[in-house]
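>>> Any chance you can model this:
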Amino acid sequence: MILHLNAMPWRFVAGFLNPRSITARSFANPKVLALTSNNKSARRSAR
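Numbering: from 1, shown residues only. Prediction:
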């Protein structure tokens, strides 16, 4: 993102760089990273 600051809206960049903003907190949410574990074979076989 830092390399493409001129391609993004300035309000989004300002919100992303502010650690207390909703934008920054939502992108730093660790639960989003846990979604990649849904591709495990045990879970696919249960579905």
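
>>> what comes into contact with the helix or strand where F16 lies?
Assigned by DSSP states H and E, F16 falls within helix 10-17. Helix 10-17 is contacted from outside by M1, L5, S21, I22, T23, A24, F27, using C-beta atoms under 8 Å, 6 or more residues apart in numbering. Quick note: C-beta positions are derived from backbone N, CA and C, even for glycine.

>>> Export the residues you listed to CSV and append columns for neighbour count and distance to V13.
As requested, the contacts of helix 10-17 are exported to CSV (neighbours: other C-beta atoms under 10 Å; distance: C-beta to C-beta, whole Å):
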residue, neighbour count, distance to V13
M1, 11, 8
L5, 11, 6
S21, 14, 11
I22, 9, 14
T23, 15, 9
A24, 15, 11
F27, 12, 12
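
>>> rewinding a little: tell me the buried residues in the helix holding F16?
By neighbour count with 16 or more other C-beta atoms under 10 Å, helix 10-17 contains the buried residues V13, G15, F16.

>>> picking that back up, want to throw the contacts of helix 10-17 into TSV with secondary structure and pLDDT?
Shown next, in TSV, are the contacts of helix 10-17 (DSSP: H, G, I helix; E, B strand; the rest coil; pLDDT from 0 to 100):
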residue	secondary structure	pLDDT
M1	coil	64
L5	helix	77
S21	coil	91
I22	helix	89
T23	helix	86
A24	helix	87
F27	helix	81
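
>>> Just flag the most distant two among those residues.
By the measure C-beta to C-beta, L5 and I22 form the most distant pair in the contacts of helix 10-17, at 19.8 Å.

>>> No more questions from me, cheers.
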